[in-house]
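Engineer: Just to be clear, the model below is a prediction. Sequence and coordinates:
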There are 2 protein chains.
Amino acid sequence: MDAVKIIGAPVSPYVRKILAILRLKDVPFEIDPIVPFFGDDDFSVLSPLRRIPLLIDGDVVIADSSVIAQYLEETRPEPSILPANPADRAQARWLEEYADTRMGDVFIWRCFNAVVVNPSVWGGERDLNAFQEALAGPVAEIMDYLESVAPKDGYLFSTIGLADISIAVMFRNMRYCRWTPDASRWPKTARWLATVEENSALSAANEWADTLVKTPVADHRVRARQLGVPISERTMFDLVPRRGPMTPAS
Amino acid sequence: MDAVKIIGAPVSPYVRKILAILRLKDVPFEIDPIVPFFGDDDFSVLSPLRRIPLLIDGDVVIADSSVIAQYLEETRPEPSILPANPADRAQARWLEEYADTRMGDVFIWRCFNAVVVNPSVWGGERDLNAFQEALAGPVAEIMDYLESVAPKDGYLFSTIGLADISIAVMFRNMRYCRWTPDASRWPKTARWLATVEENSALSAANEWADTLVKTPVADHRVRARQLGVPISERTMFDLVPRRGPMTPAS
């Protein structure tokens, strides 16, 4: 089977979600690691909301990580990333939606953006007040909710799946803000997260992101190639810096 | 089969999306027509992001209209609301996501909120300037995008489905702002929309919403019952007005 192409930098949790699913399903891939604030009008045509990741599979182009995940599940069903029972499948999809929108909004657009993206990409101030406010308010609320749904041990539904992955990838970007959940306050969630992060499906993409988050955007392709990331021969897009609309979900 | 319960007022396009799918699949239902800004803490427990609709099917409770739609497709597969081919299914799901998030953000949270909800529910100003700005900017952009994907005639994929319904329901709330798309500027989209709205799956919920949008929230249950809406015997929630977080998608 030909490698699929993923457009989008592994620093994005939405990109890492898809990379983990590809690893789990043993689908070969190559990456064009653009960040969504860069990229020309050709990118807008393929991704109308300028979201990453974008999946290219032969002549099929798909935007939105949830839609991509579902497409991969339908075209590469083994191993499945969804439980068998419709009610459990609904719970898994709900938790994916919760991660993509609510956790994305708070963990990425409020925290990661204030602490990492704004200073390092746009040269703005590192806003630690905004970060502390988020930690005391919406982050704590999210943690309380996750603690109410977290499994006692292992994964949510016997084997690792869409919901485990979608939630775990969000925490990695919080670690880049030097925050990890307090295991005495949210013990089930902390244990669950550790279990998911140890899974080999996530480990390579996590390591790539750990380095790339400290690498200037212009050097991403070169650095990624040094790390052994399967980088596409050349980018499909001219990398035109532009402060496009920053959509809260992807 | 027992009737499923839908929590949420038909004025919400996300509720009407699910009502249309239930009609199409001939699933009996009853409605508890709460609006998301009302409802007590019991509602927050069932719907963590205070979104409507909420589906209750026996002891299964599901939040989020996309997750509900997928659950209905899996538990009541006929007639299907998705095309057979995985690439087409991805396009249908993408357009649902586009409707839920981008059109929801602009049509509902910018336009419908400024022109209808804020004055009628909260007693605020009707902000026609904000509305005109939205029409000239993001609404026109959305229309141009829809025109690029609209079918030449009929539905997107031979029979009416998830994407047709998800997009059409958004336009009904724009009509409540006294705006309909210019058929000379966006002819394919206007024709497509007319075709979908004529489908009997949508007509009853549209008629209910047309009346309820002019009815004070406190009178919704009584008025809905007069209209023949299958209203649940009593509400599951105390109707406590509260200005909760207004999430842009549902």
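Structural biologist: Cool, the structure landed.

Engineer: Could you name the helices and strands sitting against the worst-scoring helix or strand of chain A on mean pLDDT?
Structural biologist: One helix or strand of chain A scores below all others by mean pLDDT, DSSP states H and E: helix A:41-46, with a mean of 75. Here helix A:41-46 touches no other helix or strand, going by 3 or more C-beta pairs under 8 Å, 6 or more residues apart in numbering or on different chains; DSSP states H and E. From N, CA and C alone the C-beta is placed, and that goes for glycine too.

Engineer: Within range of chain B, give me the residues from chain A.
Structural biologist: A:48-49, A:60, A:62-64, A:66-68, A:70-71, A:74-75, A:86-87, A:89-90, A:93-94, A:97-98, A:101-102, A:145, A:247-249 (C-beta under 8 Å from any C-beta of the partner chain).

Engineer: Can you flag which of those belong to helices?
Structural biologist: Counting by DSSP state H, the residues of chain A next to chain B place A:66-68, A:70-71, A:74-75, A:86-87, A:89-90, A:93-94, A:97, A:145 in helices.

Engineer: where are the low-confidence patches of chain A?
Structural biologist: Scanning chain A for pLDDT under 70 picks out A:1, A:36-40, A:237-250.

Engineer: can you give me the helices for it?
Structural biologist: Remark: helices assigned in chain A by DSSP H are A:13-24, A:41-46, A:65-75, A:86-97, A:118-122, A:128-134, A:140-149, A:162-175, A:187-198, A:200-212, A:220-226.

Engineer: Now render the ones you listed as CSV, adding distance to B:Glu30.
Structural biologist: Formatted as CSV, these follow (distance: least, C-beta to C-beta, whole Å):
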stretch, distance to B:Glu30
helix A:13-24, 37
helix A:41-46, 43
helix A:65-75, 30
helix A:86-97, 20
helix A:118-122, 48
helix A:128-134, 40
helix A:140-149, 28
helix A:162-175, 30
helix A:187-198, 36
helix A:200-212, 43
helix A:220-226, 54
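
Engineer: Can I get those helices in CSV including distance to B:Arg221 and mean neighbour count?
Structural biologist: Listed next are those as CSV, based on distance: least, C-beta to C-beta, whole Å; neighbours: other C-beta atoms under 10 Å in any protein chain shown:
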stretch, distance to B:Arg221, mean neighbour count
helix A:13-24, 41, 26
helix A:41-46, 45, 14
helix A:65-75, 34, 22
helix A:86-97, 27, 22
helix A:118-122, 47, 15
helix A:128-134, 38, 15
helix A:140-149, 30, 16
helix A:162-175, 35, 25
helix A:187-198, 39, 18
helix A:200-212, 48, 18
helix A:220-226, 56, 17
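
Engineer: B:Pro230 is nearest to which of those?
Structural biologist: helix A:86-97 (22.8 Å; C-beta to C-beta).

Engineer: Let me know the angle separating that closest one from helix A:140-149.
Structural biologist: On the basis of axes from the mean of the first three to the mean of the last three C-alpha atoms, to 10 degrees, helix A:86-97 is oriented at 160 degrees to helix A:140-149.

Engineer: Pull helix A:86-97 out as PDB, backbone CA atoms only.
Structural biologist: Taking C-alpha atoms only, helix A:86-97 is exported to PDB below (Å, rounded to 0.1, in the frame of the first residue of the first chain):
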ATOM      1  CA  PRO A  86     -22.800   1.200  19.700                       C
ATOM      2  CA  ALA A  87     -23.200   2.800  23.200                       C
ATOM      3  CA  ASP A  88     -19.500   2.400  23.900                       C
ATOM      4  CA  ARG A  89     -18.700   3.800  20.400                       C
ATOM      5  CA  ALA A  90     -20.800   6.800  21.200                       C
ATOM      6  CA  GLN A  91     -18.900   7.400  24.500                       C
ATOM      7  CA  ALA A  92     -15.600   7.000  22.700                       C
ATOM      8  CA  ARG A  93     -16.700   9.500  20.000                       C
ATOM      9  CA  TRP A  94     -18.000  11.900  22.700                       C
ATOM     10  CA  LEU A  95     -14.700  11.900  24.500                       C
ATOM     11  CA  GLU A  96     -12.900  12.500  21.200                       C
ATOM     12  CA  GLU A  97     -15.200  15.500  20.700                       C
END
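
Engineer: Go ahead and confirm A:Val213 touches A:Val116.
Structural biologist: Yes. A:Val213 lies in contact with A:Val116 (C-beta atoms under 8 Å); the separation is 6.7 Å.

Engineer: Overlap of the contact sets of the two?
Structural biologist: Shared contacts of A:Val213 and A:Val116 (C-beta atoms under 8 Å, 6 or more residues apart in numbering or on different chains): A:Tyr176.

Engineer: Now the residue nearest the centre of chain A: closest residue in space, sequence neighbours ignored.
Structural biologist: Central residue check for chain A by C-alpha atoms, centre = their mean: the C-alpha nearest the mean position is that of A:Pro13, 1.6 Å away. The shortest distance from A:Pro13 to any residue other than its chain neighbours is 3.9 Å, reached at A:Val169 (C-beta to C-beta, 6 or more residues apart in numbering or on different chains).

Engineer: From A:Met103, how far off is that neighbour?
Structural biologist: According to C-beta to C-beta, to the nearest Å, A:Val169 and A:Met103 sit 9 Å apart.

Engineer: try A:Arg225
Structural biologist: 31 Å.

Engineer: and if you look at A:Leu54?
Structural biologist: Counting by C-beta to C-beta - A:Leu54 and A:Met103 are separated by 21 Å.

Engineer: same question, A:Ser44
Structural biologist: Distance from A:Ser44 to A:Met103, by C-beta to C-beta: 26 Å.

Engineer: Hmm, A:Lys25 is touching A:Thr75, no?
Structural biologist: No. A:Lys25 lies out of contact with A:Thr75 (C-beta under 8 Å); the separation is 9.4 Å.

Engineer: joint contacts of these two?
Structural biologist: By C-beta under 8 Å, 6+ apart, no residue touches both A:Lys25 and A:Thr75.

Engineer: CA atoms only for stretch A:134-149, dumped as CSV, please.
Structural biologist: C-alpha atoms of stretch A:134-149 as CSV (Å, rounded to 0.1, in the frame of the first residue of the first chain):
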residue,chain,number,x,y,z
ALA,A,134,-6.7,28.9,33.2
LEU,A,135,-5.1,26.3,35.5
ALA,A,136,-7.2,27.4,38.5
GLY,A,137,-10.4,27.5,36.4
PRO,A,138,-11.2,25.6,33.2
VAL,A,139,-8.2,23.2,33.4
ALA,A,140,-9.2,22.1,36.9
GLU,A,141,-12.8,21.6,35.7
ILE,A,142,-11.6,19.5,32.8
MET,A,143,-9.5,17.4,35.1
ASP,A,144,-12.4,16.8,37.4
TYR,A,145,-14.5,15.7,34.5
LEU,A,146,-11.8,13.4,33.2
GLU,A,147,-11.4,11.9,36.6
SER,A,148,-15.1,11.0,36.5
VAL,A,149,-14.8,9.1,33.3
